[in-house]
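Colleague: Okay, predicted coordinates and the sequence, questions at the end:
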Amino acid sequence: MAHQKSDGMNYAPVGKPSPVVKPGEFVFAAAALDHGHIFGQCQGLTEAGGECRYVFDPDATKVEKFREKYPHAKTLRSMDEVLAQKDVQLVASAAVPSERGPLGCRVLDAGKDYFTDKAPFTTLAQLDAARATVKRTEKKYAVYFSERLHVEASIRAGQLIEQGAIGRVVQVMGMGPHRSNPGTRPAWFWSREKCGGILIDLGSHQFEQFLTYTGAKGARIVHAAVANYHHKQFPEFEDWGQANLIADNGATNYVRVDWLNPQGLRTWGDGRTFILGTDGYIEVRKYLNLGAEAESDHLFLVDDKGEHHIRCHGEIGFPFFGQLILDCLHRTENAMTQEHTFLAAELSLQAQAAAVQIE
């Protein structure tokens, strides 16, 4: 399971192929290739048996790079042409963040399901529009929350919690450090309007994990703050953010996200999750075991029986993608419910709006 670990923008974990459909049974198109996460999205779908039959982006260089990986994908000339393809069941997209919501509504109105990179919206108005479009079309607006869905140790943590391994979950602490790599980022990356802010961009991952691990159906923002400590040449950018939440079931959440990951680390971010339960606790070290193995996906469980180091790399797989394909075919909600998807996005928008600006 080798994958790109130095650059988070092009992080695309490779798993074991585990098709849930026959060849040609689930056809999708890739469109709006602005963020490298499109490769992770398409990797997951193809491993689950999906066929990437078409690709579109106005930038021919992006299409060329994409077709090196997916040579059978036919290049289309416009988004209208993508949406006109009758055999396309889903459109996978990693547009500029501020364009993801409007594009999703177009895809749904064209009678297709939509799978976007996170964060799915930059404004509450976009979220409202998507909720209304989902209700009207009964199509899916799915989101690639890769820090849980494409991390085997994060998936294993959810399975252990479901099995009651640590009792009732009372707190989730999420750390999401990232490396900013200024020399490689497009201009839109530094724009507040186009990206929405750090608690939207990176925070959405953390709020989704909080909802998943606690089983919460709602939460409120107690406190949020953002700062630009180290990227003063980009005045609109935020390189640090934090938030505290309380869920409707009493569980609490602390989130810290940043773009301050040092160059000396072997991976683009030392992402970690700490989950406290009434009968034990879990720590997930997502991308490496700091100071020890460079291998990813370490889970540490402490319970009444002792201390357990569970290596998950290559052991768990990525079930979300197959579940999503089957959900699209059977109109079920096993991969992730629509309400959960939208709630994670809503919390990130609310946290960003409530954030105190430091400095």
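Modeller: Structure received.
Colleague: Mind checking what secondary structure residue 183 has?
Modeller: helix (DSSP: H, G, I helix; E, B strand; the rest coil).
Colleague: For it, give its distance to residue 263.
Modeller: 12 Å (C-beta to C-beta, to the nearest Å). For glycine as for every other residue, the C-beta is placed from the backbone atoms N, C-alpha and C.
Colleague: Same question for residue 157.
Modeller: From residue 157 to residue 263 the distance is 29 Å (C-beta to C-beta).
Colleague: Name the residue in the two with the higher neighbour count.
Modeller: Per other C-beta atoms under 10 Å, whichever of residue 157 and residue 263 has more neighbours is residue 157, with 27 against 7.
Colleague: how does the chain divide into domains?
Modeller: Annotated domains of the chain cover 8-145+319-328, 148-318+348-357 [automatic domain parsing].
Colleague: and those as CSV, adding mean pLDDT?
Modeller: Formatted as CSV, the domains of the chain follow (pLDDT from 0 to 100):
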stretch, mean pLDDT
domain 8-145+319-328, 96
domain 148-318+348-357, 97
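Colleague: Could you dump those into CSV and include distance to residue 334?
Modeller: Output for the domains of the chain, formatted as CSV (distance: least, C-beta to C-beta, whole Å):
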stretch, distance to residue 334
domain 8-145+319-328, 5
domain 148-318+348-357, 13
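Colleague: And the ones you listed: which comes nearest residue 342?
Modeller: domain 8-145+319-328 (6.2 Å; C-beta to C-beta).
Colleague: Show which residues not belonging to the strand or helix carrying residue 351 make contact with it.
Modeller: Following DSSP states H and E, one finds residue 351 within helix 338-354. Helix 338-354 has contacts (C-beta atoms under 8 Å, 6 or more residues apart in numbering) with 119-124, 127, 130-131, 134, 140-143, 145, 196-200, 203-204, 207-208, 211-212, 217-219, 221, 223-224, 226, 243, 245, 255.
Colleague: Determine the set of other helices and strands touching the helix or strand following it.
Modeller: Next helix or strand after helix 338-354 toward the C-terminus (DSSP H and E): strand 356-357. With contacts taken as 3 or more C-beta pairs under 8 Å, 6 or more residues apart in numbering; DSSP states H and E, strand 356-357 sits against strand 219-227.
Colleague: buried sites along the strand it packs on?
Modeller: By neighbour count on 16 or more other C-beta atoms under 10 Å, the buried set for strand 219-227 is 219, 221, 224, 225, 226, 227.
Colleague: Let me have those residues in JSON lines, adding distance to residue 152 as columns.
Modeller: Shown next, in JSON lines, are these (distance: C-beta to C-beta, whole Å):
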{"residue": "219", "distance to residue 152": "26"}
{"residue": "221", "distance to residue 152": "30"}
{"residue": "224", "distance to residue 152": "30"}
{"residue": "225", "distance to residue 152": "32"}
{"residue": "226", "distance to residue 152": "31"}
{"residue": "227", "distance to residue 152": "32"}
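Colleague: Tell me how far the closest residue to residue 248 other than its chain neighbours lies from residue 275.
Modeller: Excluding the flanking residues, the one nearest residue 248 by C-beta to C-beta, 6 or more residues apart in numbering is residue 218, at 4.1 Å. Separation of residue 218 from residue 275 (C-beta to C-beta) stands at 19 Å.
Colleague: neighbour count winner among the two?
Modeller: residue 275 (27 against 13).
Colleague: What residues of whichever strand or helix holds that one count as buried?
Modeller: Using DSSP H and E, residue 275 sits within strand 272-277. Of the residues in strand 272-277, those buried by neighbour count under the rule 16+ other C-beta under 10 Å are 272, 273, 275, 276, 277.
Colleague: mind listing the helices for the stretch 201-350 of the chain?
Modeller: 203-214, 319-330, 338-354 (DSSP state H, counting those that start in this stretch).
Colleague: hang on, the earlier thing: what subset of the contacts of helix 338-354 is buried?
Modeller: If we count by 16+ other C-beta under 10 Å, those have these buried: 119-123, 127, 130, 134, 140-143, 145, 196-200, 203-204, 207-208, 211-212, 219, 221, 224, 226, 243, 245, 255.
Colleague: Show the contacting residues for the most centrally placed residue in the chain.
Modeller: Central residue of the chain (C-alpha atoms, centre = their mean): residue 145, 1.7 Å from the mean position. Neighbouring residues of residue 145 by C-beta under 8 Å, 6+ apart: 118, 204, 205, 208, 209, 344.
Colleague: ok, 7 Å please
Modeller: 118, 204, 205, 208, 344 (C-beta atoms under 7 Å, 6 or more residues apart in numbering).
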